[in-house]
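# Quick one, fold the following:
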Amino acid sequence: MMQQSRSGMVACLTLEFVALGVWVGGLLVLIGAVIPTVFNTFGGQDTGGLFLTRTFEGYNRFVLGAMTILSAATWYRWWSGDPVVQVSRGETLVLLLMIVIAGIIIVVLHPYAASLQAQAFAAKDEGARKVAFEEFFRIHMPVRSLYMVNLFLGVVLLGIKAKRLLRGQDSHS
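The predicted model follows:
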């Protein structure tokens, strides 16, 4: 492989790992540190809930960037034809599933949940507020589940990439 192509591939693989690190690591930090801190620090459900909604909107923007990088890098590796960095069907399937799930969350479910949350916060009557929050939590549960599925798939994708790298090392030993 020419030096320029090798440098391009190193950059490509580096960007892939950074993108996966943002996707998986960002969600781990949100779940493991941010959410517990918010609900143990902020004064109420409204303030904490609004903060988390805005935080996940920011995370979703990072995921859009990660999707773009991962898609472009996967295409570049496929296009290169280099057997050391070949794109497997499993890798492609996992990445496509992650993108579809993230797309459903970002385009459909999160905006809907955020609007339901805003309605619940705006409700003055306690009965209307309770109904609005019940609707919000009804939709919020699948969103949380999909985030967890995507976290799992991200870890699987990291494993696929690690296995490929080790297989490449074995052939060069």
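# Find the nearest non-adjacent residue to the residue nearest the centre of the chain, please.
Closest to where the C-alpha atoms of the chain average out (C-alpha atoms, centre = their mean) is W23, at 4.2 Å. Take W23 and drop its neighbours on the chain: the residue closest to it by C-beta to C-beta, 6 or more residues apart in numbering is A66, 4.5 Å away. C-beta: built from backbone N, CA, C; applies to glycine.
# helices and strands around the strand or helix carrying that neighbour, which ones?
Using DSSP states H and E, A66 sits in helix 45-80. Judged by 3 or more C-beta pairs under 8 Å, 6 or more residues apart in numbering; DSSP states H and E, the packing partners of helix 45-80 are helix 3-20, helix 26-29, helix 35-41, helix 89-103, helix 110-122.
# cutoff 7 Å now
Packing partners of helix 45-80 (3 or more C-beta pairs under 7 Å, 6 or more residues apart in numbering; DSSP states H and E): helix 3-20, helix 35-41, helix 89-103, helix 110-122.
# closest one to G159 among the ones you listed?
Among these, the nearest to G159 by C-beta to C-beta is helix 89-103 (9.4 Å).
# outside of that closest one, which residues touch it?
Helix 89-103 is contacted by residues V63, M67, L70, T74, L146, V149, N150, L153, G154, V156, L157, I160 when judged by C-beta atoms under 7 Å, 6 or more residues apart in numbering.
# Report the contact partners of the second one.
Taking C-beta under 7 Å, 6+ apart, we find M67 in contact with I99, A102.
# before we move on, what about the fifth one?
The neighbours of L146, taking C-beta under 7 Å, 6+ apart as the test, are I101, I104, I105.
# Of those, which is the most crowded?
Within those, neighbour counts (other C-beta atoms under 10 Å) peak at I105, which reaches 21 neighbours.
# If you count neighbours, what's buried in the helix or strand bottoming out on mean pLDDT in the chain?
Within the chain, no helix or strand scores below helix 35-41, which has a mean of 82 by mean pLDDT, DSSP states H and E. Within helix 35-41, the residues scored as buried using 16 or more other C-beta atoms under 10 Å are I35, V38.
# And the contacts of that helix?
If you take C-beta under 7 Å, 6+ apart as the criterion, helix 35-41 is touched by G48, F51, L52.
# CA atoms only for that helix, dumped as CSV, please.
Provided in CSV are the C-alpha atoms of helix 35-41 (Å, rounded to 0.1, in the frame of the first residue of the first chain):
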residue,chain,number,x,y,z
ILE,A,35,-28.5,11.2,34.9
PRO,A,36,-27.8,10.2,38.6
THR,A,37,-26.1,13.6,39.2
VAL,A,38,-29.0,15.5,37.8
PHE,A,39,-31.6,13.8,39.8
ASN,A,40,-29.5,14.0,43.0
THR,A,41,-28.6,17.7,42.5
